[in-house]
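>>> return atomic coordinates for the entry below.
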Amino acid sequence: MSIFNPSLHTSESGTSITKKRQTSWPIECKVPGCTSQVNLKKRRLCWKHYHQDKKGKIGQTREIEYHGMTGTPEFNTWGHVVQRCTNPNNKAYKNYGKRGITICQRYRYSFAAFYGDLGSRPQDTTLNRIDNDGGYWCGKCDECITKGRPANCEWATSYEQQVNKRVYTSNTSGHKNIVWNKRAQLWVLVIQRKNKIIYSGYFDVLNDAVSIREAVLEEYERLGSIEPNAYIRIGKDKRRAWNGLSAERNPAAKLTWEKVRRIRELWLEGGLYQHEIADMVGASHGVVSGIVRNLSWRDDDYQAKVTVRGKWDSIRMKKRIS
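Presented below is the predicted three-dimensional model:
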């Protein structure tokens, strides 16, 4: 077994005299200030600068930041922002970088700048973009000033984030809080604030829903609440009309208000059980149970009758058992 000895395979000038290849040994990296030995002779680069050269970053230097905040909520947030805006392999890239949401150079390469502008994250807040279609911009770097980008980042609560959501791509109305109900063939407006629904309504015309939405939001922002009957909404009579209308417009619907009333009449008479009524009308036991208990096809006038019928039925069952 022979051991390679460089001194035996080089001439006085330092040129290798091996038969396979002629290389100079040893040679330092051509990058100024780098004393590492060359691993790739053709480019005269060490491994570190070779990989930088492949990415087109050779000669670019960046100061290392020492902030002692690695692992903090602010640092993790900054890292996630950089990844979802610049890394195509990140699972959130399709909703950010691919959609045109960018991060300015100052924030991308400096956590200290990011933290200096936004400060510590308050409790129960997350990072929010003021303009939902804009990027994570500082408004101070040369890039932002040149392109006229204002500062666009802030810490915001879940309520503020909810208000600032973009319109979903599946929303055919083009407006927030308004969707098309295929079964009812109506526009549905549902406005939710602080995990509570402050308004809900059904409209035949989209413009009516949009105008009501603007009025409701304007009053809510001004007063912090909504007067219960201040705006057109679906009430008891409208709810009945809508349910009947949706059943008639849906060819696959098995029930109409006429059948529902018949089911409730049979149930109130007290001579039949729910499964027997279900067989008579051609519906499932679960559907009939929901109707007679007023859980579906709700009717406020029927509620009192349900209470009386339930008490009577419980007495009858006790007598049968005894």
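>>> isn't Lys194 right up against Val163?
No - under the criterion of C-beta atoms under 8 Å, Lys194 is not in contact with Val163, lying 10.2 Å apart. Yep, even glycine has a C-beta here, placed from its N, CA and C like the rest.
>>> low pLDDT regions in the chain?
Low-confidence segments of the chain, defined by pLDDT under 70: 1-26, 39-43, 47, 49-64, 226-254, 300, 303-322.
>>> can you show me the helices along it?
47-54, 73-86, 105-109, 111-118, 142-147, 158-163, 206-223, 236-249, 257-269, 274-281, 285-292, 300-321 (DSSP state H).
>>> tell me the buried residues in the shortest one?
Within helix 105-109, the residues that count as buried by 16 or more other C-beta atoms under 10 Å are Arg106, Tyr107, Arg108.
>>> neighbours around the closest residue to the last one other than its chain neighbours, how many?
What that stands for is Arg108. Using C-beta to C-beta, 6 or more residues apart in numbering and skipping the chain neighbours, the partner closest in space to Arg108 is Val82 (5.8 Å). When neighbours are defined as other C-beta atoms under 10 Å, Val82 has 18 of them.
>>> roughly how far does Val82 sit from Val179?
With the distance defined as C-beta to C-beta, to the nearest Å, Val82 ends up 34 Å from Val179.
>>> contacts only, for Gly174.
Val167 (C-beta atoms under 8 Å, 6 or more residues apart in numbering).
>>> re the thing from before, which one of the buried residues of helix 105-109 is nearest to Trp78?
Among the buried residues of helix 105-109, Tyr107 lies closest to Trp78 (C-beta to C-beta), at 7.5 Å.
>>> look up how far Glu160 lies from the closest one.
21 Å.
>>> do the same with Ile277
Taking C-beta to C-beta, one finds Ile277 at 50 Å from Glu160.
>>> list the buried residues for stretch 162-176?
Ser173, His175, Lys176.
>>> is it possible to export these to a markdown table including distance to Arg121?
Shown next, in a markdown table, are the buried residues of stretch 162-176 (distance: C-beta to C-beta, whole Å):
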| residue | distance to Arg121 |
| --- | --- |
| Ser173 | 34 |
| His175 | 32 |
| Lys176 | 26 |
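>>> between those residues, which sits nearest Gly270?
Ser173 (47.2 Å).
>>> list the contacts for the closest one?
Val179, Trp180, Trp187, Leu206, Ala209.
>>> contacting residues for Glu28?
Cys34, Thr35, Ser36, Gln37, Val38.
>>> again, only using 10 Å
Shown in contact with Glu28 (C-beta atoms under 10 Å, 6 or more residues apart in numbering): Cys34, Thr35, Ser36, Gln37, Val38, Arg44, Cys46.
>>> coming back round to it: correct me, but the residue nearest to Arg108 touches Phe111?
Yes - using C-beta atoms under 10 Å, Val82 makes contact with Phe111 at a distance of 9.1 Å.
>>> quick revisit: the more surrounded of Ile277 and Glu160?
Neighbour count, other C-beta under 10 Å: between Ile277 and Glu160, Ile277 has more, with 21 against 14.
>>> got the contact list for the more buried one?
Arg262, Ile263, Arg264, Glu265, Leu266, Trp267, Ala283, His285, Val288, Ser289, Ile291, Val292.
>>> looks like the first one contacts Val281 (just checking).
When you say that, I think you mean Arg262. Yes - contact criterion C-beta under 10 Å: Arg262 and Val281 qualify, at 6.9 Å.
>>> between these two, which one's more packed in?
Val281 (17 against 14).
>>> ok, that one to Ile178 distance?
For Val281, the distance to Ile178 - C-beta to C-beta - is 35 Å.
>>> next one: Val190
Taking C-beta to C-beta, one finds Val190 at 8 Å from Ile178.
>>> so which of those two has more stuff around it?
Higher neighbour count among Val190 and Ile178: Ile178, with 22 against 14, using other C-beta under 10 Å.
>>> pretty sure that one is touching Tyr199, no?
No - using C-beta under 10 Å as the test, Ile178 is too far from Tyr199 to be in contact (11.4 Å).
>>> mind listing the shared neighbours of these two?
Leu189, Val190, Ile191, Ile212, Arg213.
>>> those residues: which two are farthest apart?
Val190 and Ile212 (11.7 Å).
>>> shared neighbours of those two, anything?
In contact with both Val190 and Ile212: Ile178, Tyr199, Gly201, using C-beta under 10 Å, 6+ apart.
>>> now those in CSV, with distance to Arg121?
Output for the shared contacts of Val190 and Ile212, formatted as CSV (distance: C-beta to C-beta, whole Å):
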residue, distance to Arg121
Ile178, 33
Tyr199, 32
Gly201, 37
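>>> out of those residues, which sit inside strands?
Ile178, Tyr199, Gly201 (DSSP state E).
>>> picking up where we left off before, from the contacts of Ser173, list the buried ones, please.
Buried among the contacts of Ser173 by 16+ other C-beta under 10 Å: Val179, Trp187, Leu206, Ala209.
>>> of those residues, which pair is most distant in space?
Val179 and Leu206 (10.8 Å).
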